[in-house]
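A.B. asks: Okay, sequence plus prediction incoming.
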Amino acid sequence: MSTADAHAGAGLRRNQRLRLWEHAVYAPIWRPLAAWIGLVLIVLTYIPLVWLVVMSFSDRPLSGIPHPLTLRWYDELFATSAWIEPITDSLWLALVVGICCVLVSVPVGRAIPRLRRRGGVLLITLLPLFVPGLTMGAALFLFIRSYMHFKLGMWSVFVGHMVWALPFAFLLVIVLATRFDHHLLEAAEDLGASAWQRFWQIEFPIMRPGIVGAGLFGFILSFNELLRSIFLRGTETTMPIYTWAQASSHQSNVPIIFGLASLIFGVTLPIIGTFFWILFSRTGQSR
Amino acid sequence: MANALVSRSIRTWYTQAASGRWTVPTFIIVWTVVVIVPLFLLLLYSFLETKGFKVVWDPSFHTWDRFFETGRWTVAMRTLRIAIGMTVIELVLAFPFALWLAKGCRSQGLKAILLTLLTIPFFLDLSSRTIIWRALLGSNGVVNTVLMELGITSEPVEWLIFTEFSVFFGLAAPYFATMVFPIFLVATLIDDEYLDASRDLGANPLQSLFLVIVPLCLPGVIAGVVFTMVPMMGEWVVPQLMGGGKVNMIGRSTEDALSTLNYPTAASLSAFVLAILVVLLAALTLLTRRRGGIAGLFEALKL
């Protein structure tokens, strides 16, 4: 059988499968309804994003009406410098968290699937994913401040961020490491490759999406983290704490925040958008 | 020169980390200190008391007694009501959508776009995304202006913002993806042969749905509930910005207690959330046990 036939056969089977699902699950009403629900919620998610950007150009941003348009808020934003220190602190912190996520999640994450009893290890490793930020923040605060009597500062915010971001990095690395075929490494060893060569020339290229993702997750999760930071900050101020303080305080500073948030979205959106687009469209093809 | 030194030390470090048997144990020990110990300490603190702004080592149920008697109980119940209510709503909305996304969506491109769109907001700051709803739903915001211009109401609709409704509304979008993803992942793994078999055996679509698909999706549903309900119980930004201080949830009370140095009360509030987490995680472990536990889910993800 030629490849073309094989493809046609697979295509036919896929259509049959789809029909099977439609028949079972999406009997008349369900199918369009299911798709519409998702669409409505996605629209609800993106309305605030779009409107935030629109409002940052509005003369009366708190009315929610984009008229008349102005650049006033951006002028005011660049006239003050109160946000510069929080944003630099946040960027540095996010960078360190991102790098540490890669350095920890790669060696540990690739070792976990090789353990014999990994259920418990996985549960402990991924536990912070399930614990609300507030609870984890309060727990770390009690531990560091009240029990150990350490002084809070950027270092404790860093600990809080690692506890939050590392499990996500692990998720990516562990999924890739579980898929990884270890016979490749054995073959390389038989052919005389050193441990470093085996990693750098074989494992690294295959694990690259996980490694890049781990760093990216660490960076962005840390950059946007609020709940843990609030408890662990001591006297430091990160970007999300600054935004939160302005948003929850009264009125006058809110318009500036719209401008600042729009700028930040403008930088982060394309990066994560591209990353996930590549990730999801690749996994889609491999199926 | 320096470059070569750096690259060599990275190599040495990596080769040791990769080959050493101590990598995972060391990590687990450090992780236990920064994650497990603080959480246990939190539980412990909830059985202590403060006297004169100091935590006194005298284990008792006083803090818990007061937890059930004072306004904290009302707050805890409101939190539970909002979290459970919203989780049920998300489940009803997300289940059909996740199934459709996993099995019914014909275009791979559309699927990738939808998954991307669902993932992105998770990485964006929630407070700036939420504050904007005030401008949209407030008494002189867009929605009310439009309603009054059209003559549908003469007075602004006040319950759109700073009510329990608005808190529900504000939570809907941020917590949709957390419910969709686990169900989506589990649904992708369902073997189509099961459906074929159930139809051959004479099941009608509804029977196939409730006797075959729903049970197979159950681990995903429970995982979705964990990822949606537990963080929602600790939610802070949305109730504050959408509830405007009128809809207090556990998050706000915890922060209040901590800022007045009332550590045991803060600990008891968080322990309440933890208890619910433990119950849900136990349910998840029991449900996935037959398929090799949580580790089994990763094996299945080999694709």
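C.D. replies: Perfect, thanks for sending it. Nothing here was measured: the structure is a model prediction, and the numbers come from that model.
A.B. asks: show me the contacts for B:V167.
C.D. replies: By Cβ atoms under 8 Å, 6 or more residues apart in numbering or on different chains, the residues touching B:V167 are B:I82, B:V238, B:P239, B:M242, B:G243, B:V247, B:M249. For every residue, glycine as well, the C-beta is placed using N, CA and C.
A.B. asks: cool, B:L114 as well?
C.D. replies: So B:L114 contacts A:G38, A:I42, B:L101, B:C105 (Cβ under 8 Å, 6+ apart).
A.B. asks: ok, the last one to B:T228 distance?
C.D. replies: Noted for B:C105: a distance of 22 Å to B:T228, by Cβ to Cβ, to the nearest Å.
A.B. asks: Next one: the closest residue to chain B within the stretch 1-150 of chain A relative to B:R199, how far apart?
C.D. replies: Closest contact between the stretch 1-150 of chain A and chain B, by Cβ to the nearest Cβ, is at A:P132 (2.5 Å). Distance, A:P132 to B:R199, using Cβ to Cβ: 42 Å.
A.B. asks: what does A:A139 give?
C.D. replies: For A:A139, the distance to B:R199 (Cβ to Cβ) stands at 50 Å.
A.B. asks: Give me the pLDDT value at A:V50.
C.D. replies: Here, the pLDDT recorded for A:V50 equals 91.
A.B. asks: ok, back up a step: I'd like to know which of the contacts of B:L114 is nearest to B:S128.
C.D. replies: A:I42 (18.8 Å; Cβ to Cβ).
A.B. asks: what about the closest one, helix or strand, and which?
C.D. replies: In this structure, A:I42 sits in helix A:30-55 according to DSSP states H and E.
A.B. asks: Heading C-terminal from that helix, find the next helix or strand.
C.D. replies: Following helix A:30-55 in sequence, per DSSP H and E, is helix A:72-79.
A.B. asks: residue contacts, the residue of the stretch 151-287 of chain A found nearest chain B?
C.D. replies: Closest approach between the stretch 151-287 of chain A and chain B, counting by Cβ to the nearest Cβ: A:A261, at 3.6 Å. Residues near A:A261 by Cβ under 8 Å, 6+ apart: A:L52, A:S56, A:T243, B:D125, B:S128, B:R129.
A.B. asks: and with 7 Å instead?
C.D. replies: Counting by Cβ atoms under 7 Å, 6 or more residues apart in numbering or on different chains, A:A261 touches A:L52, A:T243, B:D125, B:S128.
A.B. asks: in the helix or strand where A:M162 lies, what's buried?
C.D. replies: Take DSSP H and E as the rule and A:M162 turns out to sit in helix A:154-179. By neighbour count on 16 or more other Cβ atoms under 10 Å in any protein chain shown, the buried set for helix A:154-179 is A:154, A:156-179.
A.B. asks: Quick check: the farthest pair among the contacts of B:L114?
C.D. replies: Across these (Cβ to Cβ), the longest gap, 13.5 Å, separates A:I42 and B:C105.
A.B. asks: what's the domain layout of chain A?
C.D. replies: The record's domain parsing of chain A by automatic domain parsing lists A:3-55, A:81-286.
A.B. asks: hmm, back to that, tell me which two in the contacts of A:A261 are the farthest apart.
C.D. replies: A:L52 and A:T243 (11.4 Å).
A.B. asks: ok, these two, which is more surrounded?
C.D. replies: Ranked by neighbour count (other Cβ atoms under 10 Å in any protein chain shown), A:L52 and A:T243 place A:T243 first, with 24 against 21.
A.B. asks: Can you list the low-confidence ranges for the stretch 151-300 of chain B?
C.D. replies: B:290-300 (pLDDT under 70).
A.B. asks: redo that, cut-off 90
C.D. replies: Scanning the stretch 151-300 of chain B for pLDDT under 90 picks out the ranges B:151-163, B:182, B:185-224, B:226-227, B:230-231, B:234-237, B:240-241, B:243-266, B:273, B:275-300.
A.B. asks: So which bits of it are right by chain A?
C.D. replies: B:172-173, B:176, B:192, B:195-196, B:199, B:205, B:208-209, B:213, B:226, B:230-231, B:233-234, B:236-237, B:240-241, B:251, B:254, B:258, B:263, B:266-267, B:270, B:273-274, B:277, B:281, B:293-295, B:298-299 (Cβ under 7 Å from any Cβ of the partner chain).
A.B. asks: Could you identify the buried members of those?
C.D. replies: Using 16+ other Cβ under 10 Å as the burial test, these include B:172-173, B:176, B:192, B:195, B:199, B:205, B:208-209, B:213, B:226, B:230-231, B:233-234, B:236-237, B:240-241, B:251, B:254, B:258, B:263, B:266-267, B:270, B:273-274, B:277, B:281, B:293-295, B:298 as buried.
A.B. asks: Which ones among those residues map onto strands?
C.D. replies: Among these, no member falls in strands (criterion: DSSP state E).
A.B. asks: Not counting its own residues, what contacts stretch B:260-276?
C.D. replies: A:132, A:135, A:138-139, A:142, A:146, B:39, B:42-43, B:45-46, B:48-50, B:53, B:55, B:63-64, B:67, B:72, B:76, B:230, B:233-234, B:250, B:253-254, B:257-258.
A.B. asks: Which members of the buried residues of helix A:154-179 additionally contact chain B?
C.D. replies: Within the buried residues of helix A:154-179, those near chain B by Cβ under 7 Å from any Cβ are A:V159, A:V163, A:I174, A:V175, A:T178, A:R179.
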